[in-house]
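1. Fold the following, please.
(one chain, ligands or ions: 3)
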Amino acid sequence: MEFKLVNSSVNHDVLVVPCFENEDNKEFDFLLKELSSKNIFSCKKCTSYRYDKFENGKFLNVMFLGLGKKDNLDYEILYKSIVSSFKSFKFDRNSQVLINIFETKNLSKQSVLKSFVLAISACEYSFTKYFTKDKKENTVVINLLGEEDLKEALKESINIKDSLNLTRDLVNEPANVLTPEEFSKRCVEATKDLNIETFVYDEKWIEENNLHALYSVGKASVNKPKFIVMKYFGDKDSEKTLSLVGKGLTYDSGGYSIKSSDGMVTMKCDMGGAGAVLGAMTLIAKQNLKINVYGIIPTCENLINGNGFKPGDVINSLSGKTIEIISTDAEGRLVLADGVYYAADKLNTDMIIDIATLTGACGVALGTKYAAVVDNNKSIFDILEEGSKETVESIWRLPADPEYIELLKSDVADLKNLGGRYGGTITAGLFVGEFIKNKPWGHIDIAYVAWNDFPSKIFPKKGATGAGVELLYNFCKKISKK
Ligand code: BES
Ligand code: ZN
Ligand code: ZN
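-> Residues are numbered from 1 along each chain as shown. Ligands and ions are numbered 1, 2, ... in the order given. All right, here's what the predicted structure looks like:
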């Protein structure tokens, strides 16, 4: 599928007509009033109506795209409306689609264009590499009707789409293929033509450099852990850096605190945070943001063998803090502990955002639409939230009450890796917060938004959604120099 900017109405066989409630629509007014009076279609959001019209010797497929009341339209309503009408739409091969890019008082043409590109490409996304039957190439062209001033927005939207798809492909990739080593190769591959330096450290380095927590989680697998550091320095006038740290469990069986068979099926998604970091890094570099960013990925597999770490063990960490293991299934916070401490101490970074498929409790607290944020600095949350409004990602701030840190006190070590039954998403976040050396920090738990067990209104496919990519990118965009 190709997205193009056109400044005059090109030859097309599908015409998308955005329709608002109680607004005149010149060419189609008569038909729309008729459809409305018969209660067939009345321009309500997330509805559509299609018909074929015979014109100039050929059929033109017209799609009325219901968007509700014009003044109520926001990014999410537009995006969901596009998804709901495009998800079941089967384009003919070589279809030429024409969409008129409009604006409203709340939404710029740029946002409208982005919404069409991302919503349509979400409908088109599929992970088909393991089907053995012929896969058809998608040759549809989406022509976006607009002026030159949309050129930059189109370029950015296409870059966002590509990075989202990169992340989705990685998260969908089965764990027998996407091992820590393979993941590190994909990071190198995805960044090699960009202004990003990528370093991959192996198990020996991890051990010698005291990343004990990452080492302990990964040591029961024959697929050895890796520690990946990507460096993008886009602001030569500044020494300030931001670090994005992503949980990269290419598989989480739970270890000796083993998961149920059902709970294990989708655990190839447990590198969703790391996938989001890689996606965001490629996007930041392609868009040349004026900012210095490290992308840090501790990656390993949480399995079982005669050498695995066990409940009751006391392990060390890069920070020197000791940790009593209560559950080997609470492994994400352990690898993140070393990841964020590496950023804070070894890289002396100025700000840290970590992102992870960290807790099942997150789904219990917030459902499958919202990611949870725990932070030590409200303005980090505010910037993340402001950025989220220009995407279909939703976040919610949980209380990082210091009282809850008490729940992580151990009888035998500095900390334990489980805070008990209540507030599991908060205590998991606060655990990571013990390793940031008091730097400004935000933690994003995407456990229930990175993976769709069922298609949702936002991402109409099962499997990896690409959650976190835009959230991280918009955050960087907002704090970068113009
Ligand atoms: N990777 C899981 C969290 C998860 C659960 C991600 C469901 C996606 C969907 C994490 O490592 C984990 O197992 N967490 C435990 C923590 C518990 C032991 C405190 C959980 O949520 O059950
Ligand atoms: Zn786990
Ligand atoms: Zn996990």
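2. Whether stretch 352-362 contacts ligand 2 - can you check?
-> No: contact of stretch 352-362 with ligand 2 (CB under 5 Å from the ion) is absent, the minimum separation being 8.5 Å. Using the backbone N, CA and C atoms, a C-beta is placed for each residue, glycine as well.
3. does any part of that stretch sit near ligand 1?
-> Yes: Stretch 352-362 lies within reach of ligand 1 by CB under 6 Å from any ligand atom, at 357-361.
4. Which members of those residues are the farthest-apart pair?
-> In the residues of stretch 352-362 next to ligand 1, two members sit farther apart than any others by CB to CB. They are Thr357 and Ala361, at 12.1 Å.
5. What subset of the residues of stretch 352-362 next to ligand 1 is buried?
-> Buried members of those, scored by 16 or more other CB atoms under 10 Å, are 357-359, 361.
6. ok, the residue of the stretch 201-350 of the chain found nearest ligand 2 - contacts?
-> Going by CB to the ion, ligand 2 is nearest to Asp329 of the stretch 201-350 of the chain, at 3.7 Å. By CB atoms under 8 Å, 6 or more residues apart in numbering, the contact list for Asp329 reads 252, 254-255, 257-259, 302.
7. Most neighbours among those residues, which one is it?
-> The member of the contacts of Asp329 that has the most neighbours, counting by other CB atoms under 10 Å, is Asn302 with 29 neighbours.
8. hang on, it packs against Ala330?
-> No: assessed by CB atoms under 8 Å, Asn302 is found out of contact with Ala330, at 10.1 Å.
9. circling back to that earlier point, so which of the residues of stretch 352-362 next to ligand 1 comes closest to ligand 1?
-> Proximity of the residues of stretch 352-362 next to ligand 1 to ligand 1 (CB to the nearest ligand atom) peaks at Gly360, which lies at 3.1 Å.
10. mind checking pLDDT for that closest one?
-> The model reports Gly360 with a pLDDT of 98.
11. where does the closest residue to it other than its chain neighbours fall, phi/psi-wise?
-> Spatially, and ignoring its direct neighbours in sequence, Gly360 is nearest to Ala447 (6.4 Å; CB to CB, 6 or more residues apart in numbering). In terms of degrees, to the nearest 10, the main-chain angles of Ala447 are phi -50, psi -40.
12. Which ones among the residues of stretch 352-362 next to ligand 1 map onto helices?
-> Ala361 (DSSP state H).
13. from the residues of stretch 352-362 next to ligand 1, which is closest to Tyr473?
-> Nearest to Tyr473 among the residues of stretch 352-362 next to ligand 1, with distances taken as CB to CB, is Thr357, at 18.7 Å.
14. Report the outermost residue of the protein with respect to its centre.
-> The C-alpha centroid of the chain is most remote from Gly57, which lies 45.0 Å away (CA atoms, centre = their mean).
15. residues touching Phe459, list them.
-> 83, 122, 452, 465-466 are the contacts of Phe459 under CB under 8 Å, 6+ apart.
16. Ok, Gly272 next?
-> Contacts of Gly272 (CB under 8 Å, 6+ apart): 171, 247, 356-357, 446, 450-451, 464, 467-468.
17. before we move on, what about Asn438?
-> Asn376.
18. swap in Gly246?
-> 271, 273-278, 295-297, 339, 354-356, 468.
19. what residues does stretch 379-396 touch?
-> Under CB under 8 Å, 6+ apart, the answer for stretch 379-396 is 75-76, 79-80, 111, 118, 351, 353, 366, 369-373, 375, 397, 440-442, 444, 449, 458, 467-468, 470-471, 473-475, 477-479.
20. Please flag which of those residues sit within helices.
-> Using DSSP H, these in helices are 75-76, 79-80, 111, 118, 366, 470-471, 473-475, 477-479.
21. Most neighbours among the residues you listed, please name it.
-> That'd be Tyr473 among the ones in helices among the contacts of stretch 379-396, by other CB under 10 Å, with 28 neighbours.
22. Looks like that one contacts Leu283 (just checking).
-> Yes: at 4.7 Å, Tyr473 and Leu283 qualify as touching, with contact defined as CB under 8 Å.
23. closest point of the stretch 51-200 of the chain to ligand 1, which residue?
-> Counting by CB to the nearest ligand atom, the stretch 51-200 of the chain gets nearest ligand 1 through Val171, at 11.0 Å.
24. And that residue, what's its pLDDT?
-> 99.
25. next one: Gly320
-> For Gly320, the predicted pLDDT is 98.
26. What are the buried residues along the lengthiest helix in the chain?
-> Longest helix in the chain by number of residues (criterion: DSSP H): helix 151-172. Judged by neighbour count (16+ other CB under 10 Å), helix 151-172 contains these buried residues: 153-154, 156-161, 163-172.
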